[in-house]
Structures are given as C-alpha cells and as structure tokens.
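Visitor: the sequence and its predicted three-dimensional model are supplied below.
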Amino acid sequence: MNGSLGDSPAVARHKVRRRLRQARLTLGLTQGEVAQRLGWSLSKVQRIEAAEVAVSETDLRALLAIYDITAQPVVDELVTDAYLARRERWWTPPEHRQYLTYGTRQLIQFELAATHIRAYQPNLVPGLLQTPAMADYIINESGSERTPENRRVILDVRLMRRKTVLERQEPPIYQLILDESAIERIIGGARVMAEQLEDLADVATRPNVLIRLMPLHKGAFVADLGSFALLTLDGDTEDSVLYREQFDEDSIEYDPAKTGRYGAVFEQVWNQSYREDASLRRITAKAASLRASLDTP
C-alpha cells in the first residue's frame, strides 16, 4: 500500500512502525543503540516500534537519517503516513471514541485495509457475521450496565462492519474456525438461533468466505487462547496484526513473533477441522432442527 490520504490512522501508523523496524534490523542495530545515538530513552524507541505512539515528523526524520533512508519518494511516503497516524481524533467519530474500546476502533480500521482475515471463535458466531437479532440479543445480555445510546452505537458498528468488510466491492478472504459447540448453544431462543445459522450457511457459500467447524472432540488446547483474528495487509502474511478479545478487554498486537505463533496455531486447527462442505452440512442441519422445533404446536 502506498502512502495515501485514504489510509486510516491505524494502518498508517502500522506502516511507519514496520518500515522503521525493518530498517533498524537491516542495519543490525538494537533499539538501545538507536536510542543512544539520538539521545532518547529506550522506551521511546520501543513505543514507536510497537505503534503505541504516533511519531512526529521531526523524530521520524531523525530516525530516517540514522537508517540512511534518503530516497525522496520513500521519505515523502513515510512523512505522509506519520501525519495520517496523528489524525486519529479527526478520523474517528466522537460516538465511537466514547463507546468503543481502543482495540475495537483499531480493528475497524485494519478490517478496511485487510486482504485476508483469519478468525477463531470458540463460543459464538463472531460479531462480523451476526444477524441484527443475534447482535442485539448479545449486546443487551452482555452489557446490562450500558446506556441505550451505548448499545445503539455498538449495534450500529457491528452491522456496519459486516457491510464494509464482507459486502464491499473487493472483500478480503475471510477464513473462520468456529468451535462446533457454538452452533449447539441456543442463544436468543430457537428462532433467533435458527435465523443466525441460516444466515451463516448463506454467507459460507460466498467465494471469499471459508468456514470450518472444529469438532467437539478436538482442539481443546486452542480454547485457552480465546477468540482472535489475524488481519493481513497487502497479501503479505508477514505483515499481519493480531486482534485478541477477552471477557472485558480487547487489544491489537504487532509483535511478529506473536502473530507468527497465532498463525501457526490457526493453520494447525484449520487442518484438524471439518472441511467447508462438511461444516456447511452441520450448520444447515442444526438450523433445520431448530426450525422444526418451532413447528411444534
């Protein structure tokens, strides 16, 4: 991806972080050596490379000088990206800043730029694929302390993500591993669950969507990881970010070692799961069973 005013702040910051880290490693420098040369604290270099802070243009040019990056097109691209990375408040709607976690706001931005998304969900259909009725039920059940406005924003965003990710003109490849227990658990009642599974089966027929069920008797180890998604940019699996979601918090992580480990686990579980056609049969059969239960007088 070339530096562009169309990039989101999260993606722009990630691009700067990744380019600076690669340049440092190419020269064989440690973060401590870079900090010493510039008279910075080690934590400042670490925060820049971890994308915890947006680098200023002055600091960026100082780093580029140390890394001997002088080609004007490259410098201009990085300066543009660094500028965009500092535009978070301008890019994010106020209601999103008020009601969405920082991790979720970052996730939305990366989803817009992702070319490949690999997701694992051990408990229920992920938010990206939830029907309006299912999303509404889960949001209300999981957040009794939320205000009506808070719930409205979360619901609107959840439904918006589906359109902007799966229904855009050039959608990413979306691979989902869903634990088999997620289709057995009746959430929101038989009717809501049946509609959800019918919709899931319909989505699974799209050419860019691949859904597999992890059998109940396999994959116990991966449940400890919780739900996660790996979002790949530019079709380069090494250029991925990790989104992790737990009970009361979520986060975006960039560490290549960690994204690599999660990627390896995903591939292992993917190969242990029912294939797409077998998974679709199970999803369809469960939806039909729930529909039949609603026919009982």
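Guide: Now that the structure is in, tell me what you want to look at.

Visitor: need the three-state assignment for the residue lying closest to residue 108 once chain neighbours are set aside.
Guide: Nearest residue to residue 108, sequence neighbours excluded (CB to CB, 6 or more residues apart in numbering): residue 161, at 6.5 Å. Quick note: C-beta positions are derived from backbone N, CA and C, even for glycine. Classification of residue 161 using DSSP: H, G, I helix; E, B strand; the rest coil returns helix.

Visitor: ok, now which ones touch residue 161?
Guide: 108, 111, 127-128 (CB atoms under 8 Å, 6 or more residues apart in numbering).

Visitor: what's the closest of the residues you listed to residue 174?
Guide: Set against residue 174, the nearest of the contacts of residue 161 by CB to CB is residue 128 (7.9 Å).

Visitor: from memory that closest one sits against residue 164, does it?
Guide: No: using CB atoms under 8 Å, residue 128 is not in contact with residue 164; the gap is 10.0 Å.

Visitor: anything in contact with each of these two?
Guide: residue 111.

Visitor: when these two are compared, which one has more neighbours?
Guide: residue 128 (21 against 14; other CB atoms under 10 Å).

Visitor: gap between the more buried one and residue 262?
Guide: Counting by CB to CB, to the nearest Å, the separation of residue 128 from residue 262 is 18 Å.

Visitor: same check, this time on residue 106
Guide: 17 Å.

Visitor: more neighbours: which of these two?
Guide: residue 106 (26 against 22).

Visitor: and that one, what does it touch?
Guide: Going by CB under 8 Å, 6+ apart, residue 106 touches 10, 243, 252.

Visitor: repeat for residue 201
Guide: Counting by CB under 8 Å, 6+ apart, residue 201 makes contact with 280, 283-284, 287.

Visitor: same check on residue 108?
Guide: Here residue 108 is in contact with 96, 100, 157, 161 (criterion: CB under 8 Å, 6+ apart).

Visitor: wait, is the third one part of a helix?
Guide: Okay, so that is residue 157. Yes: looking at residue 157 with three-state DSSP, it is inside a helix.

Visitor: leaving out chain neighbours, which residue sits closest to it?
Guide: Using CB to CB, 6+ apart, the nearest residue to residue 157 is residue 100, at 6.5 Å.

Visitor: and that neighbour, its phi and psi?
Guide: phi -100, psi 150 (degrees, to the nearest 10).

Visitor: touching, it and residue 155? I think so.
Guide: No: if you go by CB under 8 Å, residue 100 and residue 155 don't touch, sitting 11.8 Å apart.

Visitor: before we move on, the earlier item: I'd like the contacts of residue 106 laid out as CSV, including pLDDT and secondary structure.
Guide: As requested, the contacts of residue 106 are exported to CSV (pLDDT from 0 to 100; DSSP: H, G, I helix; E, B strand; the rest coil):
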residue, pLDDT, secondary structure
10, 90, helix
243, 95, strand
252, 92, strand
